[in-house]
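Asks: got a structure for you, letters missing:
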């Protein structure tokens, strides 16, 4: 599909661009929100720095570089009980080198492990319930699984992880090729998996049984999905007070754009990056690497 589009790019843009010019970027953004389509305006970096809502949320924070002040992106992880520091001073050139040298010496003097306990992976004994799909969420939970956590991936047959592929031909189904997709296996290695219908009371009840004994739950759905299913943080924190919940919605539950659907490439657009990597007099340019997914994960 990608090659076909590139071969007919002139024809495609000839159909699309004149229609796009009939509205402003903000008007198209509003229409996208209404239709739940993942599109966002591409801002200039100056627009982001001047955005009061982003400063108030800590998405843009002040920093000190020597004697100069500036702004940078804030922490992506917003721990509710221990929020991140908003801004700070950037270390000077060579300021951290001494600490690194001492750290290297300390590592060299650590004796080799002799017992099974010393060889245990750091997250062994930690149970993670994984409500994620795609790239950002599964890589996050894959990292936890690689470090020894017991990750249980929950899917619904109506909405399987898209890395499985969509193919209803008999051979694909009978040979269970949806379990053998290379990309799916790469994204979800070291995990266990079950399917639950979370639109039915029985499915929600089974999910709660798992969550009652879990240490962590991860999702990368839109902000309203789990609360609508009766599995929002307010419910789960009462069910299991020790539970840590990592919710990876695109713009965060506290954002003015909380209802905006997005993928990693949508977040790249919203970050202003395409306006920086393009030619000075040209249109914004996408990298097509979906940096938002990997960075968030």
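Replies: Nice, I can see it. A quick note: this is a predicted structure, and the numbers were derived from the prediction, not measured. Numbering: from 1, shown residues only.
Asks: Please enumerate the strands of this structure.
Replies: Taking DSSP state E to define them, one finds strands in the chain at 60-65, 68-73, 88-89, 127-131, 150-155, 191-195, 216-219, 244-247.
Asks: Low-confidence stretches in the stretch 101-250 of the chain?
Replies: 101-118 (pLDDT under 70).
Asks: What ranges does it have for its helices?
Replies: Using DSSP state H, counting those that start in this stretch, the helices of the stretch 101-250 of the chain run over 116-119, 136-146, 170-174, 182-187, 201-211, 225-228, 233-239.
Asks: Excluding sequence neighbours, find me the nearest residue to residue 160.
Replies: residue 178 (7.0 Å; C-beta to C-beta, 6 or more residues apart in numbering). (Glycine included, C-beta is placed from N, CA and C.)
Asks: Next up, the contacts around the one you found.
Replies: Neighbouring residues of residue 178 by C-beta atoms under 8 Å, 6 or more residues apart in numbering: 160, 164, 165, 167, 172, 184.
Asks: Over to residue 58?
Replies: Here residue 58 is in contact with 74, 75, 78, 83, 84, 86 (C-beta under 8 Å, 6+ apart).
Asks: and with 6 Å instead?
Replies: By C-beta atoms under 6 Å, 6 or more residues apart in numbering, the contact list for residue 58 reads 74, 86.
Asks: any idea how far residue 149 is from it?
Replies: According to C-beta to C-beta, to the nearest Å, residue 58 and residue 149 sit 28 Å apart.
Asks: Check residue 165 too.
Replies: Separation of residue 165 from residue 149 (C-beta to C-beta): 27 Å.
Asks: Then residue 270?
Replies: 31 Å.
Asks: Hmm, residue 190 is touching residue 145, no?
Replies: Yes. Contact status for residue 190 versus residue 145: in contact at 3.7 Å, counting by C-beta atoms under 6 Å.
Asks: Show me which of those two is the more surrounded one.
Replies: Neighbour totals were compared for residue 190 and residue 145, and residue 145 leads with 23 against 15 (other C-beta atoms under 10 Å).
Asks: Could you report the neighbour count for residue 73?
Replies: Residues contacting residue 73 under the criterion other C-beta under 10 Å number 13.
Asks: If anything else comes up later, I'll come back, but that's it for now.
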